[in-house]
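In: Return atomic coordinates for the entry below.
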Amino acid sequence: MASDLIRSPTVRLLHARQDHAICLRLAASYRHRIAAGETAERADNVCALSNDGGGSLAAA
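Out: Residues are numbered from 1 along each chain as shown. Below you'll find the model as predicted:
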């Protein structure tokens, strides 16, 4: 049990690299999701402006 708590520097470095790789994948996933959401939101705004009818927002 105590051996589980004490890790060698090599094992600590391995775990740090694995954690870093996971963080990089998560960050890329979040960037992709945010970009996709912004694209969808822009498309929704364009659709709303084109369906405005009154032209109050489109004229600006």
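
In: so where's the protein uncertain?
Out: Applying pLDDT under 70 to the chain picks out residues 1-4, 52-60.

In: center of it, which residue is that?
Out: In the chain, the centroid-proximal residue (Cα atoms, centre = their mean) is residue 30; its distance is 1.1 Å.

In: And that residue, its phi and psi?
Out: Backbone torsions of residue 30, given as degrees, to the nearest 10, read phi -60, psi -40.

In: what do you get for residue 35?
Out: In terms of degrees, to the nearest 10, the main-chain angles of residue 35 are phi -60, psi -40.

In: and what of residue 20?
Out: According to degrees, to the nearest 10, residue 20 has phi -60, psi -40.

In: How many residues are close by it?
Out: 10 (other Cβ atoms under 10 Å). All C-beta atoms are positioned from the backbone trio N, CA, C, and that covers glycine.

In: Could you measure from residue 34 over to residue 23?
Out: 16 Å (Cβ to Cβ, to the nearest Å).

In: Same question for residue 38.
Out: 22 Å.

In: helix/strand/coil for residue 7?
Out: coil (DSSP: H, G, I helix; E, B strand; the rest coil).

In: Quick check: chain neighbours aside, which residue is closest to it?
Out: Spatial nearest neighbour of residue 7, chain neighbours left out: residue 15 (7.4 Å); criterion: Cβ to Cβ, 6 or more residues apart in numbering.

In: And the one you found, how close does it get to residue 27?
Out: 19 Å.

In: Over to residue 20?
Out: In terms of Cβ to Cβ, residue 20 sits 11 Å off from residue 27.
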